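Undergrad: Got a sequence here, can you model it:
(one chain, ligands or ions: 1)
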Amino acid sequence: MTPSIIAIDGPAASGKSTIGELLARKLEYLYFDSGVMYRVVTAVALARSIPISDEVAVTRLAENVRIDFLPAQVPDGRQFTIQADGRDVTWAIRERIVDVNVSPVSAYPGVRRAMSAQQRRIGLKGRVVMVGRDIGTVVLPEADLKIYLDATEEERARRRYLERVARGEEVEYEQVLREIRRRDEIDSSRSVAPLKKADDAVYLDSTGLSVAQVTERVMAIVASAARVERET
Ligand code: DC
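TA: This is a model prediction of the structure:
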């Protein structure tokens, strides 16, 4: 049987969302990007002028904000529409100001508690590809298949840089690389649910591989997991 709960974790810009979405489409599963939830909390905090350093206020916000994932209603390249308390924040959560502030927000234990509980509820329904940092380790440790998708810092910075240039932003590669390093550092060293490979996750390094090549390898991993399950 094809694994029903698939967790893909890995560092920023390792290709999790691109690959996760393609995989979900091929399997006709739900695609769920858990990072979006931390981004929504960050974007709403910034919009309401709540200081990111105010852990109590940011945690209260995470506990109360309503996050909705809807099919893409606007044909502007979005994967889906994301609403915070009914307001469209699909693009706001991708802004650089959110990128820079999201790691400290996601390090707050109370924020993680609120988000992980919702993610777990969604994941346990099955037929899902969920991507993030701690899906295989904390949110869904019982996932049927766990993949840890990685790439070198330079490759990830290059991907993020090209994405931003394509969006018409003025950025420098060196700055993007510095920001990626800073996020890696915070995401991997926080005390609650740090980014790390689950012991039973399959490690996949996508450095130098095209999207098609990574997808092909992921599909092979999925097929082999299904075979192992059939044989046991
Ligand atoms: O995958 P992303 O870049 O959209 O994630 C944004 C931030 O959210 C990232 O810096 C770490 C955090 N995150 C997390 O802590 N746990 C997850 N499961 C997903 C994301």
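Undergrad: where does the chain have low pLDDT?
TA: 232 (pLDDT under 70).
Undergrad: So which residues on it come close to the ligand?
TA: 12, 34-35, 38-39, 102-103, 106, 132-135, 183, 187 (CB under 6 Å from any ligand atom). Quick note: C-beta positions are derived from backbone N, CA and C, even for glycine.
Undergrad: which residues of this structure fall in strands?
TA: Using DSSP state E, the strands assigned to the chain run over residues 5-9, 30-33, 67-71, 80-84, 87-88, 128-132, 145-150, 202-205.
Undergrad: got the CA positions of the helix of greatest length in the chain in PDB?
TA: For the chain, the helix with the greatest residue count under DSSP state H is helix 211-231. Once non-C-alpha atoms are left out, helix 211-231 reads as follows in PDB (Å, rounded to 0.1, in the frame of the first residue of the first chain):
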ATOM      1  CA  VAL A 211      13.000  19.400  -9.800                       C
ATOM      2  CA  ALA A 212      12.200  16.500 -12.100                       C
ATOM      3  CA  GLN A 213      15.200  14.500 -10.800                       C
ATOM      4  CA  VAL A 214      14.300  15.000  -7.200                       C
ATOM      5  CA  THR A 215      10.600  14.100  -7.900                       C
ATOM      6  CA  GLU A 216      11.700  10.900  -9.600                       C
ATOM      7  CA  ARG A 217      13.800   9.900  -6.600                       C
ATOM      8  CA  VAL A 218      11.000  10.700  -4.200                       C
ATOM      9  CA  MET A 219       8.600   8.600  -6.200                       C
ATOM     10  CA  ALA A 220      11.100   5.800  -6.100                       C
ATOM     11  CA  ILE A 221      11.300   6.100  -2.300                       C
ATOM     12  CA  VAL A 222       7.500   6.100  -2.100                       C
ATOM     13  CA  ALA A 223       7.300   3.000  -4.300                       C
ATOM     14  CA  SER A 224      10.000   1.200  -2.300                       C
ATOM     15  CA  ALA A 225       8.200   2.000   1.000                       C
ATOM     16  CA  ALA A 226       5.000   0.600  -0.500                       C
ATOM     17  CA  ARG A 227       6.900  -2.600  -1.500                       C
ATOM     18  CA  VAL A 228       8.500  -3.000   2.000                       C
ATOM     19  CA  GLU A 229       5.000  -2.700   3.600                       C
ATOM     20  CA  ARG A 230       3.600  -5.400   1.100                       C
ATOM     21  CA  GLU A 231       6.400  -7.800   2.000                       C
END
